[in-house]
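1. predicted model, plus sequence, below.
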Amino acid sequence: MIFYILLQVILLSLVLYSFRQKVSKNIAVLYAVVFLLTMSALRYGIGIDFFTYQEYYIEISNIGHTDYAEYGFILLSQLCVYLGIGFQGVVAVYAILTVILFAVFYSKYSNNVLLSIYIFTMLPLLYFASFNGIRQFLAVALFSLSIRYIFEKKLILYLACLLLTAFFVHKSVIIMLPMYFILTRNLNIFNYIFITLLYIALLQFVDLIITTLGFSQIYLNGSIKNTGVNYLVLIFFILFAYIYYWKKKLVSHKPENIIFINLTFVCTLVAFTPMLSDLPSAPFMRLTSYFTIAIPIILVNILSVIKNYKFRLVYFFGLILASTLYFYAVLMFKGGVYKLTPYTTIIFN
């Protein structure tokens, strides 16, 4: 736990120090990125899929390819074999790309990038998720950068980014193709209800969709049956209801906020899916990563539309407290299940 405690304390110190001293945002973000990169790149055996990916790497080093990963992973593995840096080189490259891309994403859309990075780290379905499905979470990071093309209405560039990501990184990103036509819509409550009912009606086809999105067999063969989806559905629903309350002010303050509001809505639908299907919840928790990336942005951007200073201050520290408590609760009660604890590093292995 000491490494996780150290990470949390360092990031919180950066958030609070920059809040009080108004230090250069770029310098503070750089420090945060370095700490996140270090912990992610040097981990060993951390994450459910770590040794599964290592087996893929060994297969590639022996016969030159694997049937279980996209071309990007295969090419990178071949390069690491050629350079003699081993599987840890693959882990480090994925970690570096993922963390940097998300830092760029939150810098672009968040009104307080350090607070967004802090929440991103504290929520298990975000930073910790990159320890598990390294291919998929790099795809999520690449999708986050393609969001600009949705707002700018550049369909060809959006499609190109997603198709290249699907071919080289992880094909699950294909599910985000129709989001181009949804995310910029300023929907009202009746629109959300209609979409919810339509989604429920279409759930009969979900088995076929999930089994073609490239998830490891461990998530489809029943080895992992439950990831706490019931309480997460409740959390996502409450979050969306709260965000919807601020919707008008958020969109008025910054029009692109509508994209992140709608991402939160779709996140709730995806999390709800296992309750109406026979599949285990783990694949859907993985899919929510494409949508939960909006939470650290939209919750932080609410700060900008709160006029009362005392309420804004209470909300600021409330975000920090809630995310921190969730961080430690997951580590203490689910850390072993998710293979996050104890944290081990390649330095000592």
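-> Arrived safely, thanks for sending. Residues are numbered from 1 along each chain as shown.
2. pLDDT weak spots in the stretch 151-300 of the chain?
-> In the predicted model of the stretch 151-300 of the chain, residues 206-231, 276-283 satisfy pLDDT under 70.
3. what segments of the chain are strands?
-> Here the chain has no strands by DSSP state E.
4. and the longest helix belonging to it, which residues are buried?
-> Secondary structure of the chain read by DSSP state H shows that its longest helix is helix 309-334. Buried residues in helix 309-334, counted by 16 or more other Cβ atoms under 10 Å: 315, 316, 319, 320, 323, 324, 327, 330, 331. No exception for glycine: its C-beta is placed from N, CA and C like everyone else's.
5. which residues touch the first one?
-> Read it as residue 315. 302, 303, 306 (Cβ atoms under 8 Å, 6 or more residues apart in numbering).
6. turn these into a markdown table, including pLDDT and distance to residue 138.
-> Listed next are the contacts of residue 315 as a markdown table, based on pLDDT from 0 to 100; distance: Cβ to Cβ, whole Å:
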| residue | pLDDT | distance to residue 138 |
| --- | --- | --- |
| 302 | 97 | 29 |
| 303 | 95 | 29 |
| 306 | 95 | 34 |
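7. distance to residue 49 and neighbour count for those - can I get that in CSV?
-> Shown next, in CSV, are these (distance: Cβ to Cβ, whole Å; neighbours: other Cβ atoms under 10 Å):
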residue, distance to residue 49, neighbour count
302, 34, 21
303, 35, 17
306, 40, 16
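8. out of those residues, who's nearest residue 161?
-> Checking the contacts of residue 315 against residue 161 by Cβ to Cβ gives residue 302 as the nearest, at 28.5 Å.
9. hmm, back to that, quick check, nearest of the contacts of residue 315 to residue 27?
-> The shortest approach to residue 27 among the contacts of residue 315 belongs to residue 303, at 21.5 Å (Cβ to Cβ).
10. separation between the closest one and residue 315?
-> Distance, residue 303 to residue 315, using Cβ to Cβ, to the nearest Å: 6 Å.
11. same thing with residue 8?
-> To residue 315, residue 8 is 20 Å away according to Cβ to Cβ.
12. can you map out the helices along the stretch 101-250 of the chain?
-> 113-122, 129-132, 134-151, 155-168, 189-201, 206-210, 229-245, 247-253 (DSSP state H, counting those that start in this stretch).
13. next, format those helices as TSV and append mean neighbour count.
-> Below are those laid out as TSV (neighbours: other Cβ atoms under 10 Å):
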stretch	mean neighbour count
helix 113-122	26
helix 129-132	24
helix 134-151	22
helix 155-168	16
helix 189-201	12
helix 206-210	15
helix 229-245	16
helix 247-253	15
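14. adding distance to residue 34, write those helices out as JSON lines.
-> Conversion of the helices of the stretch 101-250 of the chain to JSON lines gives the following (distance: least, Cβ to Cβ, whole Å):
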{"stretch": "helix 113-122", "distance to residue 34": "12"}
{"stretch": "helix 129-132", "distance to residue 34": "16"}
{"stretch": "helix 134-151", "distance to residue 34": "17"}
{"stretch": "helix 155-168", "distance to residue 34": "26"}
{"stretch": "helix 189-201", "distance to residue 34": "40"}
{"stretch": "helix 206-210", "distance to residue 34": "37"}
{"stretch": "helix 229-245", "distance to residue 34": "30"}
{"stretch": "helix 247-253", "distance to residue 34": "31"}
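15. hmm, residue 167 is touching residue 73, no?
-> No: taking contacts as Cβ atoms under 8 Å, residue 167 lies outside contact range of residue 73: 11.5 Å.
16. report the contact partners of residue 239.
-> Per Cβ under 8 Å, 6+ apart, neighbours of residue 239: 264, 268, 295, 299.
17. I misspoke; the intended subject was residue 147.
-> Shown in contact with residue 147 (Cβ under 8 Å, 6+ apart): 105, 109, 183, 259.
18. what sits against the last one?
-> Contacts of residue 259 were listed using Cβ under 8 Å, 6+ apart, and they are 147, 150, 151, 183, 184, 294.
19. closest to residue 12 among those residues?
-> For the contacts of residue 259, the nearest to residue 12 is residue 294 (22.2 Å; Cβ to Cβ).
20. residue contacts, the closest one?
-> Per Cβ under 8 Å, 6+ apart, neighbours of residue 294: 259, 260, 261, 263, 264, 267.
21. biggest separation within those, which pair?
-> In terms of Cβ to Cβ, the contacts of residue 294 reach their longest pairwise distance at 259 and 267, which sit 12.5 Å apart.
22. does residue 342 touch residue 1 like I think?
-> Yes: counting by Cβ under 8 Å, residue 1 is a contact partner of residue 342 at 7.4 Å.
23. now do the shared contacts for these two.
-> Counting by Cβ under 8 Å, 6+ apart, no residue touches both residue 342 and residue 1.
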